[in-house]
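**Student:** 3D model of this:
(one chain, ligands or ions: 2)
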Amino acid sequence: MLYRTVPKTGDTLSILGFGCMRYPSKGRGIDEERTIRQIRYAIDHGVNYFDTAPVYHMGRSEPILAKALSGGYREKVKIATKLPHWLAYERDDLDRILNDQLAALETDHIDYYLIHNLSRGSFEKLQDMGMSEFLDAAKKDGRIRNAGFSFHSNLQAFKEIVDGYGWDFCQIQYNYLDETSQAGTEGLQYAASKGLAVIIMEPLRGGNLAGRIPGTVQAIWDKAPTKRSPAEWALRWIWNHPEVTVVLSGMNEESHIDENIRVAAEALPGSLTPEELGIVNAARDEYKRLMKVGCTGCGYCMPCPFGVDIPGCFARYNTRHLFPDDRTIKFHYIMRHGGLEEAKSNAGLCRGCGKCTKACPQHLAIPTLMKEVAKEMDGMIPIVIPVMKGGMWFMNRFARLKRAVFGGNAHA
Ligand code: SF4
Ligand code: SF4
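**Tutor:** Ligands and ions are numbered 1, 2, ... in the order given. Next up is the predicted model:
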């Protein structure tokens, strides 16, 4: 196993991190025994970074990780978990949620604590709530060791958030198809230049870059002189970047764990040859050729005066067409653009003003395309968003009621 150093603290983290959002299943639930075996196997083979969150497996991810880390394993690893800020309405909620997580994880400290899925809107809301002071205090009293955030919004918001607090690390989606979407390569380099460790999520785009591969892309891999699986190519491409600290993989098959551990013993920064990088670029270009809208994510069309996140809407629309079997993509579109945490930015907001088309170097007929995106992607927004908001409100009230009745934290 190779390790990379966290710039601000000197911590050494395994370049392969274990993502705890996709434990193996048994029947309708989680196969706990197998999960624990896999986690301990990974630790025995050098993995020392475990990433979980209260929302993973509907609250079961953290306690199962705690079980796996009993018997001396906790001391060998760094735990990363995330604060579900959408459940926080006031400053006290932040402490309550963190204390609940410490109880769920059966630990007195969290090594890497992230604000989950920050966007510009939620960052501003949390700053008003006292987030900086909360993180400072939690670091000072030892409940957390490093403060960070995970992110899926756009580059400009990413830079503002990086500069908005003294973060130790961040977590971004990054893979060879996402060089110019979300934080992208520029965001990766920006965060690293500010001394942040950068944790990478979705290296295989939720498994899409390793699952059912389009025939023309597979032909590119097949022609490569070095035989590697699509997953290995994708991981090696990310680890080739020196700015990357850890790559998370949601491993739940023993063969995947073994493959990733083997690759993580070799994938030094800058280790891909120009020929090998050319092969990955060819695969990426082929994916882009297969995409429905030729948007490069450059952002020249932004901002839209009516609030449409033009590159974001196109990126998710393209992904939906590229991976039609993946039912989560539409849900992610609704979560991101439907107005759950911040102002709506969905395609249906387009008023056809034409401002964006003048700026687009790809000469895309954006207003017409936005109508197509809205038709296919927007339909469920008026149903899903109010239900989600109601659910969040209810969960928060329930947690408070529990605390009022039992005192202390909600696990009492
Ligand atoms: S045409 Fe639509 S997407 Fe483009 S700037 Fe106008 S409202 Fe926004
Ligand atoms: S300017 Fe064109 S290519 Fe660039 S992000 Fe906007 S729509 Fe996409």
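**Student:** Can you name the residues that contact His57?
**Tutor:** With contact taken as C-beta atoms under 8 Å, 6 or more residues apart in numbering, His57 is in contact with 21, 23, 30, 64. Bear in mind the C-beta positions are built from the backbone N, C-alpha and C, glycine included.
**Student:** between these, which is nearest Val373?
**Tutor:** Among the contacts of His57, Met21 lies closest to Val373 (C-beta to C-beta), at 27.4 Å.
**Student:** Give me the nearest residue to the closest one, chain neighbours excluded.
**Tutor:** Tyr56 (4.1 Å; C-beta to C-beta, 6 or more residues apart in numbering).
**Student:** Ile79 versus that neighbour, what's the distance?
**Tutor:** 13 Å (C-beta to C-beta, to the nearest Å).
**Student:** Any buried residues in stretch 335-345, and which?
**Tutor:** The neighbour-count check on stretch 335-345 (16 or more other C-beta atoms under 10 Å) flags 335-342, 344-345 as buried.
**Student:** Pretty sure Arg228 sits against Arg236.
**Tutor:** Yes: judged on C-beta atoms under 8 Å, Arg228 makes contact with Arg236 at a distance of 7.4 Å.
**Student:** Which one's more surrounded, the two?
**Tutor:** A direct count of neighbours by other C-beta atoms under 10 Å for Arg228 and Arg236 places Arg236 higher, at 21 against 16.
**Student:** Which stretches in the stretch 301-412 of the chain count as helices?
**Tutor:** Using DSSP state H, counting those that start in this stretch, the helices assigned to the stretch 301-412 of the chain run over residues 310-322, 328-337, 355-359, 366-377, 381-406.
**Student:** out of the buried residues of stretch 335-345, who's nearest ligand 1?
**Tutor:** Ser345 (10.1 Å; C-beta to the nearest ligand atom).
**Student:** Identify the residue nearest the closest one in space, chain neighbours excluded?
**Tutor:** In space, Ser345 is closest to Asp309, 3.7 Å off (C-beta to C-beta, 6+ apart).
**Student:** Count the residues that sit near the one you found.
**Tutor:** Residues contacting Asp309 under the criterion other C-beta under 10 Å number 23.
**Student:** Same question for Asp222.
**Tutor:** Number of residues near Asp222 (other C-beta under 10 Å) recorded here: 9.
**Student:** What residues does the stretch 301-412 of the chain have near ligand 1?
**Tutor:** 304-306, 308, 310, 350-356, 366-367, 370 (C-beta under 6 Å from any ligand atom).
**Student:** any weak-confidence spans in the stretch 301-412 of the chain?
**Tutor:** Residues of the stretch 301-412 of the chain meeting the criterion pLDDT under 70: 407-412.
**Student:** Done for today, thanks.
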